[in-house]
Every structure is written in C-alpha cells, then in structure tokens.
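J.: After the sequence you'll find the predicted model.
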Amino acid sequence: MRGIEERLRQGMADAARPVRGAPELAVRVRARVAVRRRRRRWAAGAAAVVAVVLVAIGVVSPRILDRPDPVAALPEVGGVRVGYVPDGLGVPQRLREQEEDAGGGIRLRGEALRWQAGGDFLQVSAYRADGVMRDAMDIMAMNVVDSPVEPRSIDDPVLSGDGTSAMWVADHGLVLEVTVSAALKKERDRIVAGLRVTGWSPAFAGLRVMYMPAGMWVSGTAGANPEALTRLWQGESGRHVSIEVVYGRAAATLERLRAAGAPQEVLTGVRPASVHGRPAYAGATGQAGGVLLWLVKPGIGVRVRADHLPEGDLVRIAEGIQSPPGGQDGSVDGIAASFAGPDLRPGSVETALTARWRSSTRRWSGPDGEDTVTVSVQRGAAVPSATWWSSVSRGEPKSATVGGVQGMLLDAGASTPGRRFAWTPEFGLAIVVTAPAGDLGRMVKGIAAR
C-alpha cells in the first residue's frame, strides 16, 4: 500500500516538472483546439441555416430541391386581368385609347395593353362608359365597330366584319374590346375567355355586394330575367353566381318576387328561410343550383343563384349584400341630396311602385310651405325606356347639359313651377331634379359631385 502511494507522488511530481519545448507545444495544442471549435460552430450554424431553408421551402427529405422560378404576375388593364397571350408577342405597351363613331365623335375612352411582334399583334382595351351601357344593342348603337355582325344574343360580343375584333359589356359601365391581327384571329376567343374582371365595384343596383368566393370573376351584367338588374360571376369547374335586383310591383311582396324569376326557371324544394333576419325563400334550380330570395323592403327584392357552390357560400353571399342607406340626412335612396340652408326644409321620402321600377322622392320646402326643390331617385329594369321617359315628362325630352351633367330637360307642365332635369348615371338608375331655373344647375352639380 505504501509502495502505491509513493508511485502516485512520483507521477504527480513528474507531471509538474517543466518539459523542454512545452510552451511551444502548448501554443500549438491550443491553436488546434480553437480551430476545431470554430469548425464545429461553423458546421452547427450552417446546419441551422440549412434547416431553416428546408422548413421555409417545405422540404422534409434530406435532399435539397431547387425552388422553381417565380411565376410572373398576369398583366392587368383597367381592372381586367389578361389570362392568355399567344407566344412570341413580347412585352406589352400601355396605351391611352378611345373609340370614335362614324362621324368622328368620341364615344368611349379608356386604356389598353398592346402586344406586337412584326405584323402580329394583340390589343386588349378597357373602356369606362359615361352613359348607359347594358348589352350588345348599346354597342351596336354607338357605331364604333367596323362592319359589325349582329350577335345572336344581346349577351354575346359584337364582332367586326373581318372577325379580328370583339367588343362587349363586361360590367356596368365597363366595355372590353379584343383586337388581333388577321393571323391571330383563331386565338381571339381564347383571349376573350381568359379575361377576368378583378376590379369590380361592390356597388350594384343601389346595393353593395360585399362577399364572393375566391376565384370568381365578373362575367357580365345581363341575365335571363327581363324584370331584374343582374350581375353575373363565374369560376372554374362550372361555378356560377347571379345576383338579380328586382324593383317595382314585381317585388311588392315575397310571393310576387318568387314568381318574378326567368320564364323558364323552375324552383324545386322551396322552403322558408331568413336573410338579414327578414323572411326569405330557399330552393333549388337544376341539379347543382341553389336560390335564395328575399325583400330588402317593399319594391326591392333580391334573388341570388349559385351553381356548383356549397350552400354555405350561397348563404354568405346573400348575407353579405348590404341594403341602401335610409332616408336620413337629406339622402334619397342612397343618393346624397342635402341642400343645407335656413330657407329649405327637407320633407319625408315618399315611395311609389310601378310595373318595373321604384321611385323615391324627397321635397325641400321654403318658408311659405311651397315646394322649392324636388329630387326623385328611380331604379328598375325599365329605367331608362320609352315607358319610363313618358312617365316623367309630359312632352318630348330634350338633350341638354346642366351643371356639367349631360341629360334631358323634361316638360314638367304649366302647373309645376321651375324646371325639371333628368340623367342616368348607370343603367337602372335615374335622378330627376325639379328646381327654380336659376338654381337648377347648382342643385344638379351638387348631387352629381357626391
């Protein structure tokens, strides 16, 4: 035991004794250790970076896959996305565009994208119309298409005689045109089918459409129901949505609204429902379509159809349709028409229903109680039409510009003081103002500017 202790003490003493060349050896050892530590830290850091990249790109296997090049954003013009362009046409040029009629008058203004390579070209134009634009008949009436071919349906595009141009109403106030060179004429329909209206306004027929399922785009404004103002959406896999707003006596009651559908429509499985807490009907059309219909108020009805969409989407679309504001603060059916001043006091809004439109009227009276200014907002599928014009004017309306607004001066009759002026900001909407001759322009300008 004592021998073991002595050998241990001798070993400790030898370890403590200085060794020749020990300082240089210690330095080399420490340097090697530091290099190994740096290599381990670098390797750990690199592994962490690789791990983060793998997580970010979703790679779970040990192999690192190359990420694909990002897909270029589809070109857009005037809120319209161009989904298909033939190969080899290069980069588009953005242009200001206008359409003139046969007499040289400018009928449409807008913007365009033009692709061109040699003699081949494609131009997609988006025009915002100032007046009423409903369908192919309105395009034909403008006389801006070369040798137009009358379409089979008012919903179809108007084609030029040589087939290189197609023009149609894509949404309220939005007119689209596709023009190609003769060599690309066979590509025309595919280009037309690839256009998507992405910048559509939620305002529609006095209501606001606040929800639409992802992947749906506006595809038109006309529908099969002549008594309604209609906006259409479509998507992939046969998905379609139509929203019809019915004004007038056809929407006086829920039962009348149910009967006011398209002539060929057959509703099955009709059952009571509720939209915005109001009584409604739900039903089915065909094999893959659903319908919800309800009254916003007497004289305003809404019908929502959806094909190949879940019932929950149909309900969400309906619940997302907002009613027009009430008659407070001087507005008339959602149109701001407040004439502030000590001499004019607004009265209540009066409503009248006719066959195919609804009229909301407010009168502002002076101190003597006589009517000084009258504003009437009229909405419906018959606005404007010959029947409607005859209802607001005793004589022939005369084209005029009042307060910077283009419209019609109406014959109000000898019994009505002041002058009457009407204009149609969009199809299905007319505003009629009656005021003293000296104040008419100011009143019209004040309403139109809001």
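T.: Thanks, I have it.
J.: Tell me the first helix or strand C-terminal of the helix or strand bottoming out on mean pLDDT in the chain.
T.: Among the helices and strands of the chain, helix 22-57 carries the lowest confidence by mean pLDDT, DSSP states H and E, at a mean of 40. Using DSSP states H and E, the helix or strand that directly follows helix 22-57 along the chain is strand 76-77.
J.: same for that following strand, what does it pack against?
T.: Using 3 or more C-beta pairs under 8 Å, 6 or more residues apart in numbering; DSSP states H and E as the contact criterion, the secondary-structure elements in contact with strand 76-77 are strand 106-117, strand 120-128. For every residue, glycine as well, the C-beta is placed using N, CA and C.
J.: who touches the longest one?
T.: Just to be clear, that refers to strand 106-117. 75, 77-78, 82, 85, 88-101, 121-129, 142-144, 175 (C-beta atoms under 8 Å, 6 or more residues apart in numbering).
J.: any low-confidence regions in the stretch 351-450 of the chain?
T.: Per-residue confidence of the stretch 351-450 of the chain (counting by pLDDT under 70) places the weak regions at 369-371, 450.
J.: Quick one, grab the pLDDT at Gly104.
T.: The predicted structure scores Gly104 at 85 on the pLDDT scale.
J.: Doesn't it belong to a helix?
T.: No. Gly104 is assigned coil when assessed by DSSP: H, G, I helix; E, B strand; the rest coil, not a helix.
J.: number of nearby residues for it?
T.: Other residues near Gly104 come to 6 when the count uses other C-beta atoms under 10 Å.
J.: Kindly report the same for the one 4 residues further on.
T.: The number of residues packed around Leu108, counting by other C-beta under 10 Å, is 23.
J.: Name the residues linked to it by a beta bridge.
T.: For Leu108, the beta-bridge assignment (DSSP bridges) gives partners Glu99.
J.: and if you look at the one 5 residues further on?
T.: When bridges are taken as DSSP bridges, the partners of Leu113 come out as Arg94, Val124.
J.: For Thr221, give its distance to Glu236.
T.: When C-beta to C-beta, to the nearest Å is applied, the distance between Thr221 and Glu236 equals 21 Å.
J.: Comparing these two, which residue is more hemmed in?
T.: Thr221 (24 against 8).
J.: on that earlier part again, out of the helices and strands packed on strand 76-77, which is the most enclosed?
T.: Burial among the helices and strands packed on strand 76-77, expressed as mean neighbours by mean count of other C-beta atoms under 10 Å, is greatest for strand 120-128, which shows a mean of 21.
J.: So what's the residue count around the nearest residue to Val241 once chain neighbours are set aside?
T.: Among residues not flanking Val241 along the chain, Trp233 sits closest, at 4.3 Å (C-beta to C-beta, 6 or more residues apart in numbering). Look at Trp233: counted by other C-beta under 10 Å, it has 22 neighbours.
J.: again with Arg271
T.: Applying the criterion other C-beta under 10 Å, we find 9 residues in the vicinity of Arg271.
J.: Spatially nearest residue to it, not counting backbone neighbours?
T.: Distances taken as C-beta to C-beta, 6+ apart place Ala282 nearest to Arg271, at 5.6 Å, with adjacent residues excluded.
J.: do Pro425 as well
T.: Counting by C-beta to C-beta, 6+ apart, Pro425 lies nearest to Ile431, which is 7.0 Å off, once chain neighbours are set aside.
J.: For that neighbour, the count of nearby residues, please.
T.: Neighbour count for Ile431, taken as other C-beta under 10 Å: 22.
J.: just Asp368 next, same as before
T.: When neighbours are counted by other C-beta under 10 Å, Asp368 comes out with 7.
J.: which SS class is it?
T.: Per three-state DSSP, Asp368 ends up coil.
J.: distance of it from Ala222?
T.: Asp368 is 48 Å from Ala222, where distance means C-beta to C-beta.
J.: now Ser391
T.: In this structure, Ser391 lies at 24 Å from Ala222, with C-beta to C-beta as the measure.
J.: So for these two, which residue has more residues nearby?
T.: A side-by-side neighbour count of Ser391 and Ala222, using other C-beta under 10 Å, places Ala222 first with 19 against 14.
J.: where do the helices sit along the stretch 251-400 of the chain?
T.: Using DSSP state H, counting those that start in this stretch, the helices assigned to the stretch 251-400 of the chain run over residues 254-259, 311-319, 386-392.
J.: Quick one, which of those gets closest to Gly105.
T.: The closest approach between Gly105 and any of those, judged by C-beta to C-beta, belongs to helix 386-392 at 22.7 Å.
J.: Got the domain ranges for this structure?
T.: Domain ranges of the chain: 21-68, 76-197, 219-322, 345-448, per automatic domain parsing.
J.: Could you find the closest non-adjacent residue to Glu150?
T.: Once flanking residues are discounted, Glu150 sits nearest to Met140: 6.8 Å by C-beta to C-beta, 6+ apart.
J.: which SS class is that neighbour?
T.: helix.
J.: List the contacts of it.
T.: By C-beta under 8 Å, 6+ apart, the contact set of Met140 is 148, 150, 158.
J.: From these, which land in strands?
T.: Val158 (DSSP state E).
J.: With distance to Gly334 added, can I get the contacts of Met140 in a markdown table?
T.: Supplementary listing: these in a markdown table, determined by distance: C-beta to C-beta, whole Å:
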| residue | distance to Gly334 |
| --- | --- |
| Pro148 | 36 |
| Glu150 | 36 |
| Val158 | 32 |
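J.: of the contacts of Met140, buried ones?
T.: 148, 158 (16 or more other C-beta atoms under 10 Å).
J.: which one of the contacts of Met140 is nearest Trp294?
T.: Nearest to Trp294 out of the contacts of Met140 is Val158 (C-beta to C-beta; 35.8 Å).
J.: which residues touch the nearest residue to that closest one once chain neighbours are set aside?
T.: Nearest residue to Val158, sequence neighbours excluded (C-beta to C-beta, 6+ apart): Ile139, at 4.7 Å. Taking C-beta under 8 Å, 6+ apart as the criterion, Ile139 is in contact with 133, 145, 148, 158, 167-169, 175.
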